[in-house]
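Visitor: this one's sequence-less:
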C-alpha cells in the first residue's frame, strides 16, 4: 500500500497553508501547501531519505500530522542544513551532493524529494544515485512541476491568446529560467525516464490548478523583498509575530479557496509520483 487513500476522497483537508504563511511569502506558501496536501496520501516507510531537504521547514509542516521523524535529510547548502538541524525533524541531517550520495547501496525504504528533482541539471546522475541507495521494493516519492505549469502562466496565456506563440514560449522560458526548472515532464514521460533506473511508477496525482498557478505567478513578482530578507537575515519574515496576527488572517481568507481546489484528471501544474524499485 503506497497511498493511503485517494486525495479526492478526503472528508476534511488539513490546513497546511496557515503555518507556511506565518513564516514564508504567500507565493511560496501557496505552492508548498498544495504539495504537502498532495503528499498527505503517501504512506512513508522508514528509513526515509529526504533529498534536497533545505532548511527543513517544509518537512516540519509535512510531518506535523505524522508520528516520528524523518531518518535522514541531505542538502547542498551548509547554511540550510544548520537550520534544518535546529528544527529537529530529522534524526540526522548532513551536507551532501545528490550526484554522490554518501550512503551504501540499498540503505533506505523510501527516497523522497519535494520539488527538487526539476532543478537537477544532470538528471541522469541524480536518479542513478537515488535509485542506488533505495532498497529493492522500496518506494520512490517525488513532487515535480509539469509542462502544464508553463502553459498555465498568465503571461503565457496572454501572448498565446493573441497568437503570439513565440512570445508565449519565451515568457515560459524566462519563468522557468528564473526558477531554475530543467526537468518538466508529465507522468507518462516520467514513467519512461524512471524505468531506466529500475523504478516503476505505481501512482500519480496531479495538483496546482491553472488559477492557483496564476496567483502564484502574480505574487512571485511581489516577493522580491522577501528574497532580500532571506539573503541578509537568513529568513523571509523579519517580524513574524506581527505577520501572524495582522497579515496571515487576510492572506488566508484570500488564498484558502485556491488551496482547496482540485485539478482535472491528469492535468495540473505539478504532479506527485509514487514508484517502487524493481
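Guide: Done, it's in. From a predicted model like this one, the values you see are computed outputs, not experimental measurements. Residues are numbered from 1 along each chain as shown.

Visitor: The stretch 51-200 of the chain: helices as residue ranges?
Guide: 57-62, 78-87, 123-132, 147-152, 154-161, 165-178, 187-195 (DSSP state H, counting those that start in this stretch).

Visitor: Adding mean pLDDT as columns, could you present those helices in JSON lines?
Guide: Converted to JSON lines, the helices of the stretch 51-200 of the chain look like this (pLDDT from 0 to 100):
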{"stretch": "helix 57-62", "mean pLDDT": "96"}
{"stretch": "helix 78-87", "mean pLDDT": "96"}
{"stretch": "helix 123-132", "mean pLDDT": "99"}
{"stretch": "helix 147-152", "mean pLDDT": "97"}
{"stretch": "helix 154-161", "mean pLDDT": "97"}
{"stretch": "helix 165-178", "mean pLDDT": "96"}
{"stretch": "helix 187-195", "mean pLDDT": "98"}
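
Visitor: Of all those helices, which one is nearest residue 220?
Guide: Taking CB to CB, helix 165-178 is the member of those nearest to residue 220, at 8.3 Å. The C-beta positions use only the backbone N, C-alpha and C, and glycine is treated the same way.

Visitor: Contacts made by that closest one with the rest, please.
Guide: Where contact means CB atoms under 8 Å, 6 or more residues apart in numbering, the residues beyond helix 165-178 that reach it are 150-151, 153, 155-160, 184, 217.

Visitor: biggest strand in this protein, by residue count?
Guide: If each strand of the chain is counted by residues according to DSSP state E, the longest one is strand 134-145.

Visitor: any idea which of the helices of the stretch 51-200 of the chain is most buried?
Guide: helix 57-62 (a mean of 22; mean count of other CB atoms under 10 Å).

Visitor: Show me what that one is packed against.
Guide: helix 17-23, helix 26-39, helix 78-87, strand 108-114 (3 or more CB pairs under 8 Å, 6 or more residues apart in numbering; DSSP states H and E).

Visitor: one more time with 7 Å
Guide: helix 17-23, helix 26-39 (3 or more CB pairs under 7 Å, 6 or more residues apart in numbering; DSSP states H and E).

Visitor: Which pLDDT value goes with the closest residue to residue 238 other than its chain neighbours?
Guide: Excluding the flanking residues, the one nearest residue 238 by CB to CB, 6 or more residues apart in numbering is residue 229, at 5.8 Å. pLDDT, residue 229: 84.

Visitor: in what helix or strand does residue 229 lie?
Guide: helix 224-233 (DSSP states H and E).

Visitor: Buried residues in that helix, which are they?
Guide: Neighbour-count burial for helix 224-233 flags 226, 230 (criterion: 16 or more other CB atoms under 10 Å).
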